[in-house]
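> Provided below are the primary sequence and the corresponding predicted coordinates.
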Amino acid sequence: MEISAREKNDVVIFDITGEIRRSDITDLTLHQLVKDQLDSGKRNILLNFESVEFIDSFGVGEILASYISTNNLGGKLKIAKISKKLFLVFQVTMLTKVLEIFDDEEVALDSFIKE
């Protein structure tokens with residue numbers, strides 16, 4: 001898994017590539033990267049899943065922990081460009097009931113402004 005961060009319209013966008021799984025644990029996890037942004041005062045987080053190929057239960061936990069940390073600080077965490085295969089994982093784990101998921105990054109970015 002590789003994660004790069006960029007910012008647009010006061011939203012931190014994490015572009016994630018590869019697989020979000022336990023075997024890919026590095027020094028910095030997705031949750032830690034989100035917490036770092038929250039610690040620096042950023043409250044709007046968008047996870048771009050366009051290049052994510054697989055997610056396991058560890059990855060689901062990372063996303064949920066990131067959502068909870070963001071929500072607890074009054075922020076918003078949203079998902080963009082998730083594949084149909086991964087969307088099924090989100091449905092089974094009930095993340096679709098918790099997270100806002102968008103097909104298009106620009107629509108997701110606009111949703112932060114409208115709130």
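Arrived safely.
> Test for you: state the pLDDT assigned to the nearest residue to Asn9 once chain neighbours are set aside.
Leaving aside its sequence neighbours, Asn9 sits nearest to Leu109 (C-beta to C-beta, 6 or more residues apart in numbering; 5.7 Å). Bear in mind the C-beta positions are built from the backbone N, C-alpha and C, glycine included. For Leu109, the pLDDT comes out at 96.
> tell me the helices in the protein, going along the chain?
In the chain, the helices defined using DSSP state H lie at 30-39, 57-72, 84-92, 95-98, 105-114.
> contact partners of the last one?
Contacts made with helix 105-114 from outside it, assessed by C-beta atoms under 8 Å, 6 or more residues apart in numbering, are listed as 8-11, 13, 44, 46, 48, 76, 78-81, 100, 102.
> Could you rank the residues you listed by neighbour count and give me the top one?
For the contacts of helix 105-114, the largest number of neighbours (other C-beta atoms under 10 Å) sits with Leu46, at 26 neighbours.
> Once you drop chain neighbours, what's closest to it?
Spatial nearest neighbour of Leu46, excluding adjacent residues (C-beta to C-beta, 6+ apart): Ile13 at 4.7 Å.
> what residue is smack in the middle of this structure?
Closest to where the C-alpha atoms of the chain average out (C-alpha atoms, centre = their mean) is Leu47, at 3.2 Å.
> what residues are up against Val11?
Contacts of Val11 were listed using C-beta under 8 Å, 6+ apart, and they are 44-46, 109, 112.
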